[in-house]
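Enquirer: curious how this folds, go ahead:
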Amino acid sequence: MFRGEIFAYPLFLQNDLATKTNCKFFCTDIMCRYWPYLQKVAQAFPEMKKLTQMKPFLSVMHAKGHSTKCEVQWGGKNQTGAGTTIGEEVEQVNSFLSRVALTTKYMSKAARVDMITLHARGWNERKKRNLHKYLSTRYLKVSKN
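Expert: Residues are numbered from 1 along each chain as shown. I've put the predicted structure just below:
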């Protein structure tokens with residue numbers, strides 16, 4: 001990215017995702033502003049019309065930062081079929097990996113890469129080790145609801 005969050009980035013990702021998978025939902029932290037843009041693009045370029053078939057929603061964390069009207073209209077918890085995903089999986093990993101910033105600041109590039117790799121592998125191992133607990137908890141919660 002060279003210019004921050006512009007609509008061309010999520011448009012490219014959504015289009016790429018739509019051509020490779022059968023995706024039903026599209027989650028981004030700028031959905032309330034991106035979706036009207038996408039509808040204009042789809043009018044101008046009919047080949048993009050397929051992208052408007054996906055259900056758009058804001059991630060839970062970003063929805064809390066938007067206005068109440070925006071949170072209700074675009075929030076993932078209010079989208080039928082979206083489940084209770086938070087939509088912030090990548091930001092959770094980045095938050096975890098940011099812990100190594102202070103300890104790796106003065107390391108050589110090779111040592112920094114090794115340290116970040118160790119932390120990323122640790123994250124993956126913990127996720128794998130606790131997956132059965134997480135899935136059973138989610139299953140019970142969904143069954144109850």
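Enquirer: ok, residues contacting stretch 106-119?
Expert: For stretch 106-119, contacts defined as CB atoms under 8 Å, 6 or more residues apart in numbering pick out 96-97, 99-100, 103-104. Every residue, glycine included, has its C-beta placed from N, CA and C.
Enquirer: so how far is residue 118 from residue 29?
Expert: From residue 29 across to residue 118, the span is 29 Å (CB to CB, to the nearest Å).
Enquirer: likewise residue 104?
Expert: Counting by CB to CB, the gap from residue 104 to residue 118 is 11 Å.
Enquirer: what is the end-to-end distance of stretch 11-28?
Expert: From its first residue to its last, stretch 11-28 covers 11 Å (CA to CA, to the nearest Å).
Enquirer: tell me which residues of that stretch are tucked away?
Expert: 11, 14-15, 18, 26-28 (16 or more other CB atoms under 10 Å).
Enquirer: any idea which of the residues you listed is closest to residue 132?
Expert: Proximity of the buried residues of stretch 11-28 to residue 132, judged by CB to CB, is greatest for residue 27, which lies at 25.4 Å.
Enquirer: since that was my last question, I'll sign off now.
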